[in-house]
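Participant: need a structure here:
(chains A and B)
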Amino acid sequence: MPKHQINPNKWVELYSDYLFNYTITRVNDRAIAQDIISETFLAGLKSMKNFKGEASERTWLVSILKRKIIDYYRKKNSNKGQAEVRMNYNTNSDSDGDWLEERVSDPFDKTAEDTLVNTELGDAIYECLEKLPAKQAEVFKMKTILDYDTETICKELNITPSNLWVIIHRARTALAECMEDNWFK
Amino acid sequence: MKKSFLFISCDEAKHICDKVQYGEATKWEIFKLRIRRCYCRITKNYNNKNIKLTEAIKDGKIDCLKSEERNRLKKQFEEELAKHE
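Facilitator: This is a model prediction of the structure:
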């Protein structure tokens, strides 16, 4: 018997935020990220029979998503055709930056390695978020990630401000513990 | 029990600490939290963990779908799901 079962009815509810976070860090455009996720779910639906149940549903969907992101960049690059890359030398001799040393990138600027660490950190936070009860995760995401104000969340979820703060407290405590085990150690 | 105007309970300190993370605590609340932090190890510990979590979230640059975006996605997918079934 396979270790994992597949249930597309729950995909949007369970995985859309994780997949969105994964995609937005790679394509940097909300609308495009949503289109790619939509395509991923569709592709998943069409190839459901290929799901062997050895990996989790999420891992399987992420593998489809990765291919969709590659397809997106392939299409984007082919649309560009033979794009030209031009580098302009600084011809203005009065200004700074004539010396090669002055033109090298700032070593304290963000490097690819930093970006990778941030992406991994984001994934670790999501791993922990998924362990929270659905309501806690929803309130936490609205308050912390989407930056909604207390009143808006209370109105949308029909809860009182004191309820909201209790939920936030429980979510933060659980997340801090999970992150302590998974990331900070 | 009469509530002290300066010395707060551990639970209240944690609540203020949560509010601080979202910039929603008043200056007076922050002051009371600082006093409690000086002598309460649990508050100090909670405060440190909370700050660490906020920084991690900021560094991780995590994002998620807005309710209306998720609903749109759900509606689209449900239509496809209905066709598929």
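
Participant: going forward, measure contacts and count neighbours with C-alpha atoms only.
Facilitator: Noted.

Participant: any idea how far the residue of chain B found nearest chain A is from A:N21?
Facilitator: Nearest to chain A in chain B, going by C-alpha to the nearest C-alpha, is B:G60, at a distance of 4.3 Å. The gap separating B:G60 from A:N21 is 10 Å, by C-alpha to C-alpha, to the nearest Å.

Participant: What residues does chain B have near chain A?
Facilitator: B:14-15, B:18, B:22, B:49-50, B:53, B:56-57, B:59-66, B:70, B:73-74, B:76-78, B:80-81, B:84 (C-alpha under 8 Å from any C-alpha of the partner chain).

Participant: Just the buried residues of the residues you listed.
Facilitator: B:14-15, B:18, B:49-50, B:53, B:56-57, B:59-65, B:70, B:73-74, B:77, B:81 (16 or more other C-alpha atoms under 10 Å in any protein chain shown).

Participant: still on that earlier bit, could you double-check that the residue of chain B closest to chain A lies in contact with A:T119?
Facilitator: Yes. Using C-alpha atoms under 8 Å as the test, B:G60 is close enough to A:T119 to be in contact (6.2 Å).

Participant: any idea which element the most centrally placed residue in chain A lies in?
Facilitator: In chain A, the residue lying closest to the centroid (C-alpha atoms, centre = their mean) is A:N21, at 1.6 Å. Assigned by DSSP states H and E, A:N21 falls within helix A:11-27.

Participant: Buried by neighbour count: which residues of that helix qualify?
Facilitator: A:11-12, A:15-25.

Participant: now for it, which elements pack on it?
Facilitator: Helices and strands touching helix A:11-27, by 3 or more C-alpha pairs under 8 Å, 6 or more residues apart in numbering or on different chains; DSSP states H and E, are helix A:30-46, helix A:57-80, helix A:112-129, helix B:67-84.

Participant: Excluding sequence neighbours, find me the nearest residue to the residue in chain A that chain B sits nearest to.
Facilitator: As assessed by C-alpha to the nearest C-alpha, chain B sits closest to A:G122 within chain A, at 4.3 Å. Using C-alpha to C-alpha, 6 or more residues apart in numbering or on different chains and skipping the chain neighbours, the partner closest in space to A:G122 is B:G60 (4.3 Å).
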